[in-house]
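>>> Have a look at this fold, sequence not included:
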């Protein structure tokens, strides 16, 4: 019997390959992974606290294949590893 995954939606991880960029008017972040319900991106130590829990971000995700998409979402989680979930 297999153990069910705790994730109910697929997640795209960009470890080891070209990652999309999340661009806001004041900052650019590296997207670590994304799913239909959100994304995870890295905030550099010297940019802290660029975003905080509860912030609404309006941004553009730029994919390596010269494609982009506008997004808007609320910051839901922030870890000590400088990763933020939207």
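On my side now, so go ahead. Values in this document were obtained by computation on a predicted structure and should not be read as measured data.

>>> Report the separation between the residue nearest to residue 55 when sequence neighbours are not counted and residue 66.
Spatial nearest neighbour of residue 55, chain neighbours left out: residue 75 (4.6 Å); criterion: CB to CB, 6 or more residues apart in numbering. The way it works is simple: take the backbone N, C-alpha and C, and place the C-beta from them, glycine included. Note on residue 75: its distance to residue 66, by CB to CB, to the nearest Å, is 27 Å.

>>> do residue 25 as well
21 Å.

>>> How about residue 40?
23 Å.

>>> higher neighbour count, the two?
residue 40 (20 against 6; other CB atoms under 10 Å).

>>> hang on, isn't the more buried one packed against residue 22?
No. Checked against CB atoms under 8 Å, the pair residue 40 and residue 22 is beyond contact range at 10.0 Å.

>>> and for the two, which residues touch both?
Counting by CB atoms under 8 Å, 6 or more residues apart in numbering, the contacts common to residue 40 and residue 22 are residue 31.

>>> ok, residue 21 to residue 54 distance?
For residue 21, the distance to residue 54 - CB to CB - is 23 Å.

>>> Please say which of the two ends up with more neighbours.
residue 21 (17 against 8).

>>> which residues sit in contact with that one?
28-31, 61-62.

>>> same thing but 6 Å
28, 62 (CB atoms under 6 Å, 6 or more residues apart in numbering).

>>> Repeat that for residue 58.
Shown in contact with residue 58 (CB under 6 Å, 6+ apart): residue 72.

>>> is it true that it lies in a helix?
No. Judged by DSSP: H, G, I helix; E, B strand; the rest coil, residue 58 forms no part of a helix; its state is strand.

>>> So what pairs up with it in the strands?
residue 72 (DSSP bridges).

>>> pLDDT value on it, please?
Residue 58 carries a pLDDT score of 91 in this model.

>>> any idea how far residue 25 is from it?
8 Å.

>>> what do you get for residue 12?
In this view, residue 12 and residue 25 are 25 Å apart by CB to CB.

>>> of these two, who's got more company?
residue 12 (13 against 7).
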